[in-house]
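Q: Attaching a predicted model along with its sequence, questions to come.
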Amino acid sequence: MSALFNFSSLLQVILLLICSCTYVHTQWPSLLDRYKDHEALGAFWKMARIGERASPYVSLACIIMAINQFNS
């Protein structure tokens with residue numbers, strides 16, 4: 001089944017995108033900053049912002065999703 005049709009998988013994909021974008025932005029900030037005002041690629045910059053500003057909640061969500069994966 002596609003990750004778009006399964007809610008749990010969709011949440012995992014979004015969470016992994018947030019974590020990946022945050023990591024890329026901390027390593028190479030100019031890579032995402034140049035597309036900040038772009039319509040489609042600006043979403044990655046926004047995900048990096050979510051990961052930076054809500055990092056305790058994102059890390060807690062990562063831990064919960066990991067426990068969920070181990071239990072299933």
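A: That came in fine, so what should we check first? Numbering: from 1, shown residues only.

Q: Helix, strand, or coil at His38?
A: coil (DSSP: H, G, I helix; E, B strand; the rest coil).

Q: Now do the same for it: its pLDDT.
A: Looking at His38, its pLDDT reads 85.

Q: Sketch out the low-pLDDT regions of this structure for me.
A: 1-4 (pLDDT under 70).

Q: Return the residues in contact with the spatially most central residue of it.
A: With distances taken as C-alpha atoms, centre = their mean, the chain has Ile18 as the residue nearest its mean C-alpha position (1.2 Å). Residues near Ile18 by C-beta atoms under 8 Å, 6 or more residues apart in numbering: Met47, Ala48, Ile50, Gly51, Val58. Glycine gets a C-beta too; all of them are placed from N, C-alpha and C.

Q: which secondary structure element contains it?
A: Per DSSP states H and E, Ile18 falls inside helix 7-27.

Q: For that helix, buried residues please.
A: The neighbour-count check on helix 7-27 (16 or more other C-beta atoms under 10 Å) flags Gln12, Leu15, Leu17, Ile18, Cys19, Cys21, Thr22, Val24, His25 as buried.

Q: CA atoms only: put it into PDB for me.
A: Provided in PDB are the C-alpha atoms of helix 7-27 (Å, rounded to 0.1, in the frame of the first residue of the first chain):
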ATOM      1  CA  PHE A   7      -2.100   7.600   7.800                       C
ATOM      2  CA  SER A   8       0.600   6.100   9.900                       C
ATOM      3  CA  SER A   9       3.000   5.800   6.900                       C
ATOM      4  CA  LEU A  10       2.100   9.300   5.800                       C
ATOM      5  CA  LEU A  11       3.100  10.600   9.300                       C
ATOM      6  CA  GLN A  12       6.300   8.800   9.100                       C
ATOM      7  CA  VAL A  13       7.200  10.200   5.700                       C
ATOM      8  CA  ILE A  14       6.400  13.700   6.900                       C
ATOM      9  CA  LEU A  15       8.400  13.300  10.000                       C
ATOM     10  CA  LEU A  16      11.400  11.900   8.100                       C
ATOM     11  CA  LEU A  17      11.200  14.800   5.600                       C
ATOM     12  CA  ILE A  18      11.200  17.300   8.500                       C
ATOM     13  CA  CYS A  19      14.200  15.600  10.100                       C
ATOM     14  CA  SER A  20      16.100  15.300   6.800                       C
ATOM     15  CA  CYS A  21      15.400  18.900   5.800                       C
ATOM     16  CA  THR A  22      16.600  20.100   9.200                       C
ATOM     17  CA  TYR A  23      19.800  18.100   8.900                       C
ATOM     18  CA  VAL A  24      20.500  19.400   5.400                       C
ATOM     19  CA  HIS A  25      19.800  23.000   6.600                       C
ATOM     20  CA  THR A  26      22.200  22.700   9.500                       C
ATOM     21  CA  GLN A  27      25.000  21.300   7.300                       C
END
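
Q: No more questions from me, cheers.
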